[in-house]
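In: I would like to see how this sequence folds:
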Amino acid sequence: MQRREKEALVADLHEKFKEAKAAILTDFTGLNVEQITQLRRTLKKSAVEYKVVKNTLLRRASHDTDIELLTEHFVGPIAIALAYEDPVAPAKILLEFSKVQPALEIKAGMVAGTVMTPKDIKALASLPSKEVLLAKFLSLLKVVPTRLVQTLNNPIRSLVTVLDGVKRAKEKA
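Out: Next up is the predicted model:
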């Protein structure tokens with residue numbers, strides 16, 4: 001690769017690193033081209049880009065971005081998955097793929113400026129989808145006013161019950 005090509009690649013990666021909401025580093029040693037292509041297609045469906053780049057170019061491209069926090073993990077053969085929309089998507093897809101292809105090793109990740117270990121990435125992958133979390137949140141918002149109304153109605157309901165009991169007692173007498 002010529003120097004100009006490398007400079008263009010570094011500039012392109014730098015812009016992508018600025019836009020990325022999440023990044024996950026993997027060691028792809030032991031995977032063949034067909035398997036990596038299959039992984040790329042699966043990731044692309046979720047707006048995740050999977051790139052194999054030299055570590056020196058990664059270091060240069062990551063300068064002044066959140067990805068720079070991962071530079072200590074730029075060792076050995078590395079591929080980086082960049083998520084531009086859903087930061088949980090690459091974690092879920094890579095974890096599922098690593099179950100089928102154990103040769104894929106998740107090394108580290110970064111979400112919202114926070115470095116994540118492989119254990120953290122597994123925990124992130126186990127989170128429900130954004131839609132499910134929003135639905136749970138909305139149901140919680142609905143429960144609070146409902147319980148407040150019930151709590152406010154209980155003393156009134158008790159008073160009415162007592163008054164009704166007194167009325168019946170007087171009618172019998």
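In: phi, psi of I78?
Out: Here is the backbone geometry of I78 (degrees, to the nearest 10): phi -130, psi 140.
In: so which strand or helix has T37?
Out: Following DSSP states H and E, the helix or strand that holds T37 is helix 33-44.
In: next one: L148
Out: Residue-wise, L148 maps onto helix 130-172 under DSSP H and E.
In: give the contact list for T26.
Out: Applying C-beta atoms under 8 Å, 6 or more residues apart in numbering to T26 gives the contacts 78-81, 94, 104-107. C-beta: built from backbone N, CA, C; applies to glycine.
In: okay, now L69: neighbour count?
Out: For L69, the tally of surrounding residues (other C-beta atoms under 10 Å) stands at 16.
In: is it true that it touches G109?
Out: No - when contacts are counted by C-beta atoms under 8 Å, L69 is not listed as touching G109 (10.1 Å).
In: would you turn the contacts of T26 into TSV with secondary structure?
Out: Rendered in TSV, the data for the contacts of T26 read as follows (DSSP: H, G, I helix; E, B strand; the rest coil):
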residue	secondary structure
I78	coil
A79	strand
I80	strand
A81	strand
L94	helix
L104	coil
E105	strand
I106	strand
K107	strand
